[in-house]
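Asker: here is my input, please return the structure:
(2 chains)
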Amino acid sequence: MAAPVRAATAPRRTLPLLGRVAAVVARRVLLLAVLLAAVFAAVELLPGDAATATSERGESAADVAARRQLLGLDRPVWERFGEWMTALPTGDLGTSARGQKVTDLLADPFPNTLLLAGCAFLLTVAAALALGCWAAARPGRPADRIIGHAATSAFAVPEFVISVGLLLVLSLWTGWLPAVTLTGADGDPATWTMLIMPVLALVIPQTGWNTTIVRGALADQAAAPHVEAARLDGLPTRRIILRHALPGAVPAIATGFATSTGMLLGGTVVVEALFNYPGIGGVLASAVASRDTPLIAGVVICGGAAISLVLLAADLIRARVLGARP
Amino acid sequence: MSNAAHPAATRDVPDGPLADGGTDTSAPLVTVTGLSVRVPGGPVLLPPTSLTVHAAQITALTGVSGSGKTTLLRALLGHLPAGAAIASGTLDVLGHDIPALAPEALRQLRRTRLAYVGQDPGSALNPRMRVRQLIAETATDPSERAVLGLLREVRLPTDDGLPDRRPTAISGGQQRRVALARALARTPEILLLDEPTAGLDPALRDEIAQLLRHLATTRGLAIVMACHDPELVATCADRVVRLSAPARARVPAPRTASPTGIPDKAVGIAARSVSVVFPHRGGAQHALDAVDFTAPPGSATGIVGPSGSGKTTLLRVLVGLHRADSGTLTLDGQPLAGTARGRGRAHHRRIQLVPQNPLDALNPSRTVSAALARPLRLHGGLARDRVPERIAELLEQVELPADFARRYPAELSGGQRQRVSIARALATEPDFLLCDEITSALDPDTATGVMELLQRLRTERHMAIALVSHEPHLVAAYTDTVHLLDAGRLTAHGPTATLLPEGGALHG
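Answerer: Predicted coordinates for the structure are as follows:
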C-alpha cells in the first residue's frame, strides 16, 4: 500500500524543491548585499581614503580635494553604496579609484583565481575521498592512524608555511619549478607547471580537513545496520565502502567540501601573494591599500557568488540524498 | 498446508552432545562440540552447547531470551559480539574451523556458502538501493531473470513494480522476504536465521514456515534458526536444540560479604497500609489509601491501574522519594525508613528506581559512561581504573555496545536510553528494581525488547522487579503477581494469570 501513496506525492515533492532552491538563492543574495554593505562600511572606517591613497608626491591639497570630488568621495558612504548597488544588476561593478572599470580590472585575474581554486578544489575532493575511504577500509590499523594524524597536522599548518616549504623543496633545493609565477603576454601564467605549487599549497591543508570529515562520516555509516549486514554477507570491503557506506555519508561530505571553498578562496590571497600568481588576491591586496571601495566590493561579489554556488550545489546534493530516504 | 507432508521429527535435546539419529547419511555441515562463549571476566553468553546440522534439515534453536541463541548463530558466522570470546569447545562449519579462519577466507565463506539474516532485516537492507539491486548484489547469477526468479521463490510479486522499490517503500513482511532472497541469491549451503518470524502476524508466519520448509527440501539447504515461536518450530523444524539460560555466575563483586547473604525465606520489600494524602483545593486527595504491597526476592510484580490511581506514588514511597503519611515499610522484615535520606547506603544500593522518561532522567550533558560511573563509585567503591571495565559489563548486560559509553543521551534512541537508565540502576547491583512506566515512551517492539531484557536480568541476578505499567499485556506477559490499584485503593492482589487473563482487558 505504501507505494501508490508515494507515487502520488512524488510529483508534488519536486515543486517545493524548486521553491526551496529559489528561497535559498534569495537568502544568499540578501546575505551578499549585507556583506557588501559591511565592506563599504569597513573601508570607510579605515584611515585615509582613495583620494589620499592614490595621491602622488607633491600634489597640492586642492588637487586631492578635486579628485575626491571627482571620485564622489565627498558624498556620504550610503549614497555611494546605493549607487553602486543599483548599477550592479546591469553588470556594472563601478569605477576604481584610478578611473578604470572594475569589470576590466577583474576580467583577467578572476578567471586565473577560479582556475587555481577550481584545480585545488577538484584535487582536494579526489584526494580526500581516496584517503578517507582508504583509511575507513582499514579501521584502527596503522594506515588509518597515519592518515588520521597526517590529516590533522596538514590542516593545522597554515598555507604560507606550506607554501614556503614547497618553495624550499620544489624550487630552491631541487630547482624543478620556478619560484615565482611567470606570466605570458596576456597576463596569464606562462605554462601549466606554474600552477603546481600554488595548487599544492591550497590542496594540502584542505585535504587534511576534508579527509577527516570523510573518514568520520564513513565511521558513522560503518555502524549502520545495513553496512554491518553487508559485511556479514561477505561482500568485499571496497564494495561495502563505495556502495553501502559512502552514499549515506555523502551529505556530511558535501557540506565539508562546500565549506572548503570559502577557505580555498581565502587561501588564494596568501598563496597568490607568495607565488606572485596573477589572481584576484593581488588585486584585492592593492585595492585595500589604495582604499578602492568599488574594486574591493567587486572582488567580494565575485568570490561570494562562487562560494554561494558551491554551497547551493552541496545543499542540492544533501536534499537529493536525504530525499531518497523518507 | 504442505507442512503436514514432511515428517516433523522434533526432538528435544537438553544440554550436551546431540545424539545423531541413524537417518542422517550425509556428513554434517556444521559440528559444534561443547561450545561456550563468554565475555572474559564477565557474563556467559552461551553455556556449553553441542549441535550438528545436516543438509536439507531445519534446526531450531529455542530457549528463553538471553539463552544464547543469537550468540550461537553469530559464533557459526564467525562474528561474536564485541568483547566476547569462545571459552571452550570447537566449531566446525563446512570443514572450516571458524574461530581460526583468516579474515579473507571467512569473508569468502560468507560470500558464497554461508548466509545470515538477522532479527531486523528491514534495517539490514541498504535504504538507498532498489530491491533488484539488493538481490543482484549478492547473487551468483545477477541476471534479470535470476533475480526475478529469486523474488518469486520467496513468494514476492514481480509484476507490480516491487523490484524497483527501495526497502523503505515495502512492508515489513516484504523486507523480511527480500532479505531472505538476498541471502539465498548466493546459493548458500547453510542459512542462519535469527527469529525469522518476529513481529509477523500468524498468516505471514505460516507462509514463512512453508517457504523455509520448501527451500530446505528443494535446495537441500541446511537452515539453522533461532526461534521464540513454538508454532513455527512445530510446523517446520526437523530438530530442536533447546538452549538453557546460562547459569551465570554473578560477576564476583569486591564486596560479596554484605547483604547478598540473605536467606531465601526473606520477605523482600513490603509496604503495610501505606497512605499518601495530597492537599487539593482546600480538601485532601488520597493518592494512596491504606495500600499493602509485597515483592519477594526474585519476584516479578505488576502494579496496574488507571491514570491517577497512585501507581507511581506507590513506587516513590517504596524507593523513599516520597514520605508516606501513614503506614510502614519493611525490607526483609527490618523496618525501612520513609525517606531515602533516612536510609543507609546499603538500602539505597538494594532498591533502585528506573523512572518513566529516560530523557528526563539522564543528564543531557553527561555521557553514558559518566552516568554509569557515579553509582559505581558511590556504591561499588570501585577503584578508578576498574570503572571503565565495569561500565562495559553493564552495557553488555543491557545489550548495548561498549562504545555507547562515550555517547550523550541525545545520541541514543528511546529504547537505548531506557537501557542506559536500567544499566544505571543495575550499577549498584540492586535486589529490587522498581520500574515506572518504562515502556510507555517506546514502540511495541522496543518495549518488548526492554521487557525481555528485564526478564533475563531477573532470572540471572535473582532480582525482584516491580513494574508499573499502563499496558496490561506487558504486565500479563512478564509478571507473576499483580497489584491492581484504583483511585489510591488496592482493589485486588494475586497471581497475574487469574487477574489479567490472556493479557487482555483488565478485570479489576
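
Asker: pretty sure B:Met129 contacts B:Arg166?
Answerer: Yes. Between B:Met129 and B:Arg166 there is a contact at 6.9 Å, judged by CB atoms under 8 Å. Where C-beta positions appear, they are placed from N, C-alpha and C, glycine not excepted.

Asker: which bits of the stretch 51-200 of chain B sit near chain A?
Answerer: The stretch 51-200 of chain B has residues B:77, B:79, B:106-112, B:114-116, B:118, B:120, B:123-129, B:137-138, B:160-162, B:165-166, B:168-171, B:182-183, B:186 near chain A, with proximity defined as CB under 8 Å from any CB of the partner chain.

Asker: now do the strands in the stretch 401-508 of chain B.
Answerer: Applying DSSP state E, counting those that start in this stretch to the stretch 401-508 of chain B gives strands spanning B:432-436, B:464-469, B:481-486, B:489-495.

Asker: can you lay out those as JSON lines showing mean neighbour count, mean pLDDT and distance to chain A?
Answerer: Below are the strands of the stretch 401-508 of chain B laid out as JSON lines (neighbours: other CB atoms under 10 Å in any protein chain shown; pLDDT from 0 to 100; distance: least, CB to the nearest CB, whole Å):
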{"stretch": "strand B:432-436", "mean neighbour count": "24", "mean pLDDT": "89", "distance to chain A": "27"}
{"stretch": "strand B:464-469", "mean neighbour count": "26", "mean pLDDT": "88", "distance to chain A": "29"}
{"stretch": "strand B:481-486", "mean neighbour count": "22", "mean pLDDT": "86", "distance to chain A": "36"}
{"stretch": "strand B:489-495", "mean neighbour count": "15", "mean pLDDT": "82", "distance to chain A": "40"}
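
Asker: centre of the chain to the host helix or strand of B:Leu76, how far?
Answerer: According to DSSP states H and E, B:Leu76 maps onto helix B:69-77. Its chain's C-alpha centre and that of helix B:69-77 lie 15 Å apart, by CA atoms, centre = their mean, to the nearest Å.

Asker: report how many residues lie close to B:Pro81.
Answerer: By the measure other CB atoms under 10 Å in any protein chain shown, the count of residues near B:Pro81 is 17.

Asker: tell me if it really is in a strand.
Answerer: No. Applying DSSP: H, G, I helix; E, B strand; the rest coil, one finds B:Pro81 to be coil, outside a strand.

Asker: let me see the contact set for residue 46.
Answerer: As the question left the chain open, I've gone with chain A. By CB atoms under 8 Å, 6 or more residues apart in numbering or on different chains, A:Leu46 lies in contact with A:Val288, A:Arg291.

Asker: could you do chain B instead?
Answerer: B:Leu46 makes contacts with B:Leu35, B:Ser36, B:Val37, B:Arg38, B:Gly68, B:Thr71, B:Leu72, B:Ala75, B:Leu243, B:Pro246, as judged by CB under 8 Å, 6+ apart.

Asker: ok, what's across the strand from it?
Answerer: With DSSP bridges applied, B:Leu46 shows beta-bridge pairing to B:Val37.

Asker: ok, now how distant is it from B:Met129?
Answerer: Distance of B:Leu46 to B:Met129, given as CB to CB, to the nearest Å: 34 Å.

Asker: just B:Thr367 next, same as before
Answerer: 34 Å.

Asker: same question for A:Ala319.
Answerer: Relative to B:Met129, A:Ala319 is positioned 19 Å away (CB to CB).

Asker: surely B:Glu207 forms part of a helix?
Answerer: Yes. Looking at B:Glu207 with three-state DSSP, it is inside a helix.

Asker: ok, the contacts of B:Leu46 vs chain A, which is closest?
Answerer: Of all the contacts of B:Leu46, chain A sits closest to B:Ala75, with 13.0 Å by CB to the nearest CB.

Asker: around that closest one, how many other residues sit close by?
Answerer: B:Ala75: 26 surrounding residues under other CB under 10 Å.

Asker: tell me the contacts of it?
Answerer: Neighbour list for B:Ala75: B:Val32, B:Leu35, B:Val37, B:Leu46, B:Ile86, B:Leu91, B:Ile98 [criterion: CB under 8 Å, 6+ apart].

Asker: before we move on, what about B:Pro430?
Answerer: Each residue near B:Pro430 by CB under 8 Å, 6+ apart is listed here: B:Arg349, B:Arg350, B:Ile351, B:Gln352, B:Met463.

Asker: which among those gets closest to B:Ser413?
Answerer: B:Gln352 (22.4 Å; CB to CB).

Asker: how about the CA coordinates for the helix or strand harbouring that closest one, as CSV?
Answerer: Using DSSP H and E, B:Gln352 sits in strand B:351-354. Provided in CSV are the C-alpha atoms of strand B:351-354 (Å, rounded to 0.1, in the frame of the first residue of the first chain):
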residue,chain,number,x,y,z
ILE,B,351,16.4,-0.6,46.0
GLN,B,352,16.7,1.2,42.7
LEU,B,353,14.2,3.1,40.6
VAL,B,354,14.0,3.3,36.8
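
Asker: downstream of that strand, the next helix or strand is which one?
Answerer: Sequence order places helix B:358-361 as the next helix or strand after strand B:351-354, per DSSP H and E.

Asker: list the contacts of that following helix.
Answerer: By CB under 8 Å, 6+ apart, the list of residues contacting helix B:358-361 reads B:Val354, B:Pro355, B:Pro409, B:Gly414, B:Arg417, B:Gln418, B:Val420, B:Ser421, B:Ile438, B:Ala441.

Asker: and for A:Ile213, the neighbour number?
Answerer: Neighbours of A:Ile213 (other CB under 10 Å): 21.

Asker: grab the nearest non-local neighbour of it.
Answerer: If you skip the residues right next to it in sequence, A:Ile213 has A:Gly256 as its closest partner in space, 3.6 Å away by CB to CB, 6 or more residues apart in numbering or on different chains.
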